[in-house]
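1. Model the structure of this input:
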Amino acid sequence: MLKIGICTAMDDTPLHRWWRRGLIAANMLPTNPHASSADLDRFERIILQLRLSDGTVRATVRNRLAAVDERIGSILPSIFPLDTNLLVEDWAVSSGITAAEWFQSLQRIDPNVTFTASDRLLYLVEARLKDEPGTFIVEPRGEPIQYIRPPFVVSLTEMQHPVYLINRSLQRRATLKWKDISRNFRVPASWDDVNASSQTLTLDEFVLRRLPLIHPQVMEMRGEHFRIKQHSVFTSLSQPVHVIRTMNILNRSYFTAAQLRSAADAIWQSLHFSGLWIVGRTVTDNPPDHEVTVMQKTLCGWEALLRMGKGSEMESIVPCGTPVAINA
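-> Okay, the predicted model is just below:
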């Protein structure tokens, strides 16, 4: 048995997706900020399929966190004075769709809110081989994500099921090939800037192309009050802010307890006193159901200010100082 991938726009039809059963090639991510509706739809489907080298997925869809946005919006005016001019950061935003929705929700509370959406990865790289067929999709540091050799598209971060013998063999050979040739792989540091204008680069063995991971519609929202940047959840900010959200990233399925504590330390250092940390995960998507805790930074340590559902498992990783929990 085998799975055939979606390698071109001509292949990307409901019928072809049904019988081919394979992945959509990530080099079909649109690079034009004025993408067509078909390109936007394809972008959102590709994002849902991606599993990165650290095991995380970018499963974010429209309105996924609407209930969280509404609940947070209801408590902000009681915590921050109306003239605060809120500084808000949303970390690990994936494509940025839910971050953009939250920003628009916050603007109804504070029109002057300054909002920053960030993720450790803002783009992937298409590395097309010059002298032989085959294209790799890799992270900026060179970790391979996909291998494309029409009509096949195989993941290089998830093992192929043994029943798909051809796909499994192709995956194994592609992994070995990348190990052999990746020593010469480099991308310019300027590509880390979300505003980078250069999209292609020619090396000895490859032609590289930058593939943005931020939704084109979110990119168009950039301005004085809405920013996008590269940032890791393990790195503290140089200037503190009032609110930080880390949804669907800090959990035991992705990180060890020590790593989760390290992320919590970075968030602590990044908040003003009385600042809020919104942390949790989406349990189900249809309908959306969340386990969320809103923690406040106080002189006594973290305090659990509000819970949705059972609250976040981070409460057991970073014990609160003086809990004053209010169940949503």
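2. Residue 115 should be in a helix, yeah?
-> No - applying DSSP: H, G, I helix; E, B strand; the rest coil, one finds residue 115 to be strand, outside a helix.
3. what number of residues lie near residue 188?
-> As a burial measure, residue 188 scores 13 neighbours (other Cβ atoms under 10 Å). Backbone N, C-alpha and C define where each C-beta goes, glycine included.
4. What of the one 4 residues further on?
-> Using other Cβ under 10 Å, residue 192 has 14 neighbouring residues.
5. Could you do residue 280 as well?
-> Neighbour count of residue 280, defined by other Cβ under 10 Å: 28.
6. Same question for residue 272.
-> Quick note: residue 272 (other Cβ under 10 Å) scores 15 neighbours.
7. Which residue, other than its chain neighbours, is closest to it?
-> Spatially, and ignoring its direct neighbours in sequence, residue 272 is nearest to residue 240 (4.7 Å; Cβ to Cβ, 6 or more residues apart in numbering).
8. For the one you found, report the pLDDT, please.
-> Among the per-residue scores, residue 240 shows a pLDDT of 97.
9. That one contacts residue 275, correct?
-> Yes - the pair residue 240 / residue 275 is scored as a contact, 7.0 Å apart, by Cβ atoms under 8 Å.
10. Compare the two and say which is more crowded by neighbours.
-> Between residue 240 and residue 275, residue 275 has the larger neighbour count (other Cβ under 10 Å), namely 22 against 16.
11. Now for the more buried one: which residues touch it?
-> Applying Cβ atoms under 8 Å, 6 or more residues apart in numbering to residue 275 gives the contacts 240-244, 296-297.
12. Would you mind putting the CA coordinates of stretch 275-293 into PDB?
-> C-alpha atoms of stretch 275-293 as PDB (Å, rounded to 0.1, in the frame of the first residue of the first chain):
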ATOM      1  CA  GLY A 275       0.400  41.100  35.500                       C
ATOM      2  CA  LEU A 276      -1.600  38.100  34.200                       C
ATOM      3  CA  TRP A 277      -0.400  34.800  32.700                       C
ATOM      4  CA  ILE A 278      -3.100  32.900  30.800                       C
ATOM      5  CA  VAL A 279      -2.100  29.300  30.300                       C
ATOM      6  CA  GLY A 280      -4.000  26.100  29.300                       C
ATOM      7  CA  ARG A 281      -5.000  23.800  26.600                       C
ATOM      8  CA  THR A 282      -7.900  23.000  24.300                       C
ATOM      9  CA  VAL A 283      -9.400  19.700  25.300                       C
ATOM     10  CA  THR A 284     -11.800  19.400  22.400                       C
ATOM     11  CA  ASP A 285     -12.400  21.500  19.300                       C
ATOM     12  CA  ASN A 286     -16.000  20.700  18.400                       C
ATOM     13  CA  PRO A 287     -17.400  22.300  20.400                       C
ATOM     14  CA  PRO A 288     -14.300  24.100  21.900                       C
ATOM     15  CA  ASP A 289     -13.600  23.100  25.500                       C
ATOM     16  CA  HIS A 290     -10.700  24.400  27.400                       C
ATOM     17  CA  GLU A 291      -8.700  23.900  30.600                       C
ATOM     18  CA  VAL A 292      -7.300  27.300  31.500                       C
ATOM     19  CA  THR A 293      -5.800  29.000  34.500                       C
END
